[in-house]
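Enquirer: sequence? don't have it. structure:
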């Protein structure tokens, strides 16, 4: 949790994307963008994303650091049946608990796979001792929470399916956001923007150059959890931006 | 640098993606995937990606940690003229050096912008003392290296343009890679795969479930810097995979 200037408590999150395939450039990570947008819409402030390998020690050092730094931690990947799926073991190691076969998962996997429920399948029934199984029916993976750490499968469709089931438990007051589209260079408006930024420390401002759009070259963003503060900052900014630069506000 | 089992030295890299717009889900990061694939093709092992906010303290704590852990560090973002562009200041702070106006950059910006070279423009001429300016003509941003830290603009096209200018300086011996496409579930081949993994610790194996492809459901990857080791591991794996599961090898 962080406090903004108006002492509004903002819940925070961190993402840990686990997978050699991302680091070696074989697959483009889709989960970060999905979760970043979802968390924002839910009013959660995402503070950090780490992409790390399928490595027991790296997982077990990253997870507790995130767990103590942020309100919620989401991990993606490393929960399948093969040798490189070590997320559950990494979380267990991080908190010095055993990796145990969860009785409910074991029963469900045996029901689902019958005689083909081999050691590889049953590996997927293993969770850190004390973990809660939130759900296990939507796709081939369980959704597990241990302390404040939500452990998701890496396959983007499966992650999305699971997240949508529990997203409402994270909802908090929304971020208000306005976008100002400008026909200008960043250097033309930097002085104006910087002055307004300094006077409005309850509001977050962003400035993003856009290439190759015929109507505008910059998008300014103005954001706050306090609607009145946002309105005031927006008015101030608009008043100072030369009229001929302003394309639209959304 | 890490040593693989055959004592082949492998150069390592870390990426630091700097930008509130990524963490708040407004923009999907494209730079990680581009650099991950490029570095792999160049034989570099990417060990970690961090996405952090436009925050002076977070930048100044992340950058030196990466700089000492990896052979090369690449940062993306935070180098423009506005209040939220604090990457150069973050790097300077991290290594306790001054942020100084680089004379060459200052001259070039003044030449390029003439009388419109205001404080915002000239902010972009500031670099950590001791930094080398590699290049500054390709687009609106300089490419700066400080120690082993390559500081890139965040705009994906600009980052790509800059990287292509210097990519060959990072090239080292390649990773050999084979992909095995299988008609199977991961749990069907996990035991076979795990046994081969254990006997071939000079080789990296990956197993990736693929949804919705009619011809195959898994891609196994087999990789090594040692071509002979890769060949041996591949032969061993193919020999043990039931023929009816094998779709193709690439």
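Expert: Perfect, I can see it now. Here the structure is a predicted model, which is why all the values come from computation and not from measurement.
Enquirer: drop to CA atoms for contacts and neighbour counts, all remaining ones
Expert: OK.
Enquirer: Count the residues that sit near residue A:205.
Expert: 26 (other CA atoms under 10 Å in any protein chain shown).
Enquirer: In contact with it: list those residues for me.
Expert: Each residue near residue A:205 by CA atoms under 8 Å, 6 or more residues apart in numbering or on different chains is listed here: A:197, A:220-223.
Enquirer: I'd assumed it was in a strand, is it?
Expert: Yes: counting by DSSP: H, G, I helix; E, B strand; the rest coil, residue A:205 is part of a strand.
Enquirer: Now do it, the pLDDT please.
Expert: Per-residue pLDDT puts residue A:205 at 95.
Enquirer: and which of the contacts of residue A:205 is nearest chain B?
Expert: Comparing those against chain B with CA to the nearest CA picks out residue A:197 as the nearest, at 7.7 Å.
Enquirer: related to what we said a few turns ago, now the contacts of residue A:205 as TSV including distance to chain B and secondary structure?
Expert: Output for those, formatted as TSV (distance: CA to the nearest CA, whole Å; DSSP: H, G, I helix; E, B strand; the rest coil):
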residue	distance to chain B	secondary structure
A:197	8	helix
A:220	11	strand
A:221	9	strand
A:222	12	strand
A:223	11	strand
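Enquirer: Quickly list the domain ranges of chain A.
Expert: A:2-170, A:176-249 (automatic domain parsing).
Enquirer: quick one, which of those is nearest to residue B:127?
Expert: domain A:176-249 (17.6 Å; CA to CA).
Enquirer: I'd like the next helix or strand past the helix or strand of chain A with the lowest mean pLDDT.
Expert: Of all helical and strand segments in chain A, the minimum by mean pLDDT, DSSP states H and E falls on strand A:2-3, at a mean of 72. For strand A:2-3, the succeeding helix or strand toward the C-terminus, using DSSP states H and E, is strand A:9-10.
Enquirer: Quick check: mean pLDDT of that following strand?
Expert: 88.
Enquirer: Repeat that for stretch A:179-195.
Expert: The pLDDT scores in stretch A:179-195 average 92.
Enquirer: so how far is it off the chain centroid?
Expert: 29 Å (CA atoms, centre = their mean, to the nearest Å).
Enquirer: can you list the residues that contact it?
Expert: Applying CA under 8 Å, 6+ apart, the contact partners of stretch A:179-195 are A:207, A:209, A:215-222, A:237, A:240-241, A:244-250, B:80-83, B:118-121.
Enquirer: Which of the residues you listed fall within strands?
Expert: The strands, defined by DSSP state E, take in A:207, A:209, A:218-222, A:246-249 from those.
Enquirer: Pull out the buried members of these.
Expert: Buried subset of the ones in strands among the contacts of stretch A:179-195 (neighbour count, 16 or more other CA atoms under 10 Å in any protein chain shown): A:207, A:209, A:218-222, A:247.
Enquirer: Could you report the separation of residue A:237 from residue B:119?
Expert: Residue A:237 sits 19 Å away from residue B:119, going by CA to CA, to the nearest Å.
Enquirer: quick one, which of these two is more surrounded?
Expert: The neighbour comparison of residue A:237 against residue B:119 (other CA under 10 Å) goes to residue A:237, with 18 against 13.
Enquirer: Which residue is the nearest non-sequential neighbour of that one?
Expert: Distances taken as CA to CA, 6 or more residues apart in numbering or on different chains put residue A:196 closest to residue A:237, at 6.4 Å, once the chain neighbours are dropped.
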